[in-house]
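J.: sequence first, predicted coordinates after that:
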Amino acid sequence: MMMDPRTAIGAAIVAVVACAALGAPWLAPHDPNLPDFAAALAPPGASHWFGADDLGRDTFSRIVHGARASLMVGFLSVAGALVLGTSLGLIAGYFGGLADAAIMRVMDVLFAFPGILLALGITAALGPSLSNAILAIAVVNLPIFARLARSQALVIRSLDYVEARRALGFGPLSILVSTVLPNAMGPIVVQASLLFASAIITESYLSFLGLGVQPPTPTWGNMLRGAIGFLDMSAWLAWFPGIAIFATVLGFNLLGDGLRDRLDPRA
Amino acid sequence: MMRMVALRLALTLPILLGVSMVAFALMRALPGDFAQASAGTTTISVEALDQIRRNLGLDRPIWAQYLAWLGNALQGDLGLSFATRRPVLGELVPRFLVTAELTLIAGLMALTLGTCTGLASARLRGRVDWIVRGWNSLLLAVPNFVVATLIVLLAGLYFPTIGIFTYVPFAEDPVANVVSLLLPALSLALTVSVTISENTRAAVLEVSSQDYVMVARAKGLTASAVLRDYLVRNALTPVITVTGLQMAALLGGSILIETIFTIPGMGQYLFESVTTRDYPAIQGIVLVAASVVLLVNVAVDIAYARVDARVSYD
């Protein structure tokens, strides 16, 4: 099994970011939230590799810790949307009729909102926090999984092997879980890896607006926000979180494209 | 034709209704009490709070509140802003027009850039294809607010004399107005151009392999005639649809772009309203934006059916 180079690059970036997130307390040379006014706006150098912000907090340490928020929000929001959306979509597609109509109309409504607007509305209403950001992004992604799973179930339910299970006397729930679900998973997994990237963008968007994880906990989005006032003299404050978001999203997109080429027969 | 428009609108109506329910529910999902929120942060007596509740109709059942709110919204009454105590609609309309102009310029930019790169990628193949697709996957990884920050940063470093932060109202000077929107529009357009470019590429490749294109070539038409009369014409129809569907991305993206470039549009209004917890304004913006996106999608569908005789909704 040779990995194509783009997938390998993607996997490598994702691995680095994951290591940073998991090992943040050991990798970070400074406390990410500890102000040190002597080092305020220090440019990148030996003691502060990526420089320091206006409060003298070490940018490198904050970037490494920021990976935690990004990955946690990305993972939990996509996983939540995947589990719930796939279940709803499979039920809608397999049973059809009233269940289908009821579920999919709700999904249509959620889908009608520009995603970021809906996420923003939800976090604004529920209050800014890590868990509400996860919830908001999960809700935005819900209809995507539901539609995909439904279209998969519609095809699979009329295939011979499902017919055979039915003839053998298996109940609908057992057929859904043990036959339809495994056969529907390929495109859903691909979609999940691509949505991971967009979830990370949305998270940085929300924390840029002050609606995500609350300061002083570092996220790449709120670091960028903080950098806006210092662009003319301390541009590195914007460069590093910008690059972190860019590289992570690129990594997940490359990985997702690679997965698609391998798992999705339609691509 | 009229039948199709009516049918398409009828299909959208329940979704619009659902959108209004979500917008309503968002405001009622507030932690704490809506009356308390509307009174602001000042301490307030229990009697005064009850009075506000009665005035806002909060003592009525939730469905009655929703119907009253919907009835008002349909008549253009989106409530009073908590921040300014003025009607939300009056604040929203002029800002909406600014955002509409920004998204229009950004849409045109994305369409131009996307179709050109997609066409080049599909026609020239080889190295050009490789560069375009690489460029696209890089662009896809940069959130538009990072692009905007970089543009502000670079413009500040190299062209400090350009007043990129100064938005000029259209009524004051139409030309300067459009110029002041160019950089913000570019930051919005780049990400969207990727979708258009990839779709153009796929469409041109598909059309290129059709028999009628081969016939056109076989009968000796020049390459440019084939490109103009066969490839572009047939490949661009789905591309136009895709562009229309990117409306949602452009509107969503405008929130941060307008904030970064201080453009007084709907996006910046949303940002301000979120900062000041001005819930009626947030609700109004969410409702208006989602409705606009839905209606644009309907319009795109209809335009598509007009252009492509094979599409029908009967």
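T.: It's in.
J.: the strand or helix carrying B:G107 near chain A anywhere?
T.: Here B:G107 sits within helix B:88-124, counting by DSSP states H and E. No: against chain A, helix B:88-124 shows no contacts by Cβ under 8 Å from any Cβ of the partner chain, the least distance being 11.0 Å. Heads up, the C-betas are built off the backbone N, CA and C, glycines and all.
J.: am I right that B:E47 is in a helix?
T.: Yes: assessed with DSSP: H, G, I helix; E, B strand; the rest coil, B:E47 lies in a helix.
J.: from chain A, how far out is it?
T.: For B:E47, the distance to chain A equals 28 Å [Cβ to the nearest Cβ, to the nearest Å].
J.: quick one: pLDDT of that residue?
T.: Per-residue pLDDT puts B:E47 at 80.
J.: quick one: name the residues of the stretch 151-267 of chain A near chain B.
T.: Residues of the stretch 151-267 of chain A lying close to chain B (Cβ under 8 Å from any Cβ) are A:197, A:201, A:204-205, A:208-211, A:224, A:227-228, A:231-232, A:235, A:238, A:242, A:245-247, A:249-250, A:253-254, A:257.
J.: how about 6 Å then?
T.: Taking Cβ under 6 Å from any Cβ of the partner chain as the contact definition, the stretch 151-267 of chain A meets chain B at A:I201, A:F208, A:L231, A:D232, A:A235, A:A238, A:G242, A:F246, A:V249, A:L250, A:N253.
J.: and the second one, how many neighbours?
T.: Translated: A:F208. A count of neighbours around A:F208, defined by other Cβ atoms under 10 Å in any protein chain shown, yields 28.
J.: now the helix or strand that comes right after the helix holding B:G107: buried residues?
T.: Counting by DSSP H and E, the next helix or strand C-terminal to helix B:88-124 is helix B:126-140. The neighbour-count check on helix B:126-140 (16 or more other Cβ atoms under 10 Å in any protein chain shown) flags B:D129, B:V132, B:R133, B:W135, B:N136, B:S137, B:L139, B:L140 as buried.
J.: these also near chain A: which ones?
T.: Counting by Cβ under 6 Å from any Cβ, B:L140 from the buried residues of helix B:126-140 sit close to chain A.
J.: for chain A, where's the lowest mean pLDDT among helices and strands?
T.: One helix or strand of chain A scores below all others by mean pLDDT, DSSP states H and E: helix A:24-27, with a mean of 84.
J.: quick one: contacts of it?
T.: Here helix A:24-27 makes contact (Cβ atoms under 6 Å, 6 or more residues apart in numbering or on different chains) with A:V64, A:H65, A:R68.
J.: which of those residues tops the neighbour count?
T.: A:V64 (25 neighbours).
J.: so that one: helix, strand or coil?
T.: A:V64 ends up helix, using three-state DSSP.
J.: could I get the pLDDT score of it?
T.: For A:V64, the model assigns a pLDDT of 91.
J.: show me the shaky parts of the stretch 151-267 of chain A.
T.: Along the stretch 151-267 of chain A, the parts satisfying pLDDT under 70 run over A:264-267.
J.: which parts of it are helices?
T.: Secondary structure of the stretch 151-267 of chain A (DSSP state H, counting those that start in this stretch): helices located at A:160-167, A:172-175, A:181-208, A:220-227, A:236-263.
J.: and those, which is most packed in?
T.: Highest mean neighbour count of the helices of the stretch 151-267 of chain A: helix A:220-227, a mean of 25 (counted as mean count of other Cβ atoms under 10 Å in any protein chain shown).
J.: tally of neighbours for the closest residue to chain B within chain A?
T.: Per Cβ to the nearest Cβ, A:V109 is where chain A lies closest to chain B, at 3.2 Å. The burial count assigned to A:V109 is 21, neighbours taken as other Cβ under 10 Å.
J.: CA atoms only: put the helix or strand A:D108 falls within into CSV for me.
T.: Using DSSP H and E, A:D108 sits in helix A:97-112. Coordinates of each C-alpha in helix A:97-112 appear next as CSV, following Å, rounded to 0.1, in the frame of the first residue of the first chain:
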residue,chain,number,x,y,z
GLY,A,97,-42.4,8.0,4.6
LEU,A,98,-43.2,10.2,7.5
ALA,A,99,-39.9,9.7,9.3
ASP,A,100,-38.0,10.7,6.2
ALA,A,101,-40.2,13.8,5.6
ALA,A,102,-40.0,14.9,9.3
ILE,A,103,-36.3,14.5,9.6
MET,A,104,-35.2,15.9,6.3
ARG,A,105,-37.4,19.0,6.5
VAL,A,106,-35.7,19.9,9.8
MET,A,107,-32.3,19.3,8.0
ASP,A,108,-33.4,21.5,5.1
VAL,A,109,-34.1,24.4,7.5
LEU,A,110,-30.7,24.0,9.2
PHE,A,111,-29.1,23.8,5.8
ALA,A,112,-30.7,27.0,4.7
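J.: quick check: next helix or strand after it?
T.: Once helix A:97-112 ends, the next helix or strand along the chain (criterion: DSSP H and E) is helix A:115-126.
J.: elements contacting that following helix?
T.: If you count contacts as 3 or more Cβ pairs under 6 Å, 6 or more residues apart in numbering or on different chains; DSSP states H and E, helix A:115-126 packs onto helix A:130-156, helix A:181-208, helix B:279-307.
J.: ok, which of these comes nearest B:A225?
T.: Ranking the helices and strands packed on helix A:115-126 by proximity to B:A225 (Cβ to Cβ) places helix B:279-307 first, at 21.2 Å.
J.: just give me how far that closest one sits from the chain centre.
T.: Centre-to-centre, helix B:279-307 and its host chain are 9 Å apart (Cα atoms, centre = their mean, to the nearest Å).
J.: wondering if that helix reaches chain A at all.
T.: Yes: against chain A, helix B:279-307 shows contacts by Cβ under 6 Å from any Cβ at B:I282, B:V286, B:A289, B:A290, B:V293, B:L294.
J.: now that we have the residues you listed, which one has the most neighbours?
T.: With neighbours taken as other Cβ under 10 Å, the top of these is B:A289, carrying 29 neighbours.
J.: what about that residue, distance to B:I196?
T.: 21 Å (Cβ to Cβ, to the nearest Å).
J.: likewise for B:L67?
T.: 41 Å.
J.: what about these two, which has more around it?
T.: Counted by other Cβ under 10 Å, B:L67 and B:I196 do not tie: B:I196 has more neighbours, with 26 against 13.
J.: pick out the most distant pair among the residues of helix B:279-307 next to chain A.
T.: B:I282 and B:L294 (18.6 Å).
J.: neighbours around the residue nearest to A:H30 when sequence neighbours are not counted, how many?
T.: Nearest non-adjacent residue to A:H30, counting by Cβ to Cβ, 6 or more residues apart in numbering or on different chains: A:D58, 3.7 Å away. Number of residues near A:D58 (other Cβ under 10 Å) recorded here: 27.
J.: touching, A:D58 and A:H48? I think so.
T.: Yes: the criterion here is Cβ atoms under 6 Å, and A:D58 meets it with A:H48 at 5.2 Å.
J.: doesn't B:A148 make contact with A:G242?
T.: No: using Cβ under 6 Å, A:G242 is not in contact with B:A148, being 10.6 Å away.
J.: how about the strands in the stretch 201-314 of chain B?
T.: Assigned strands in the stretch 201-314 of chain B: none (criterion: DSSP state E, counting those that start in this stretch).
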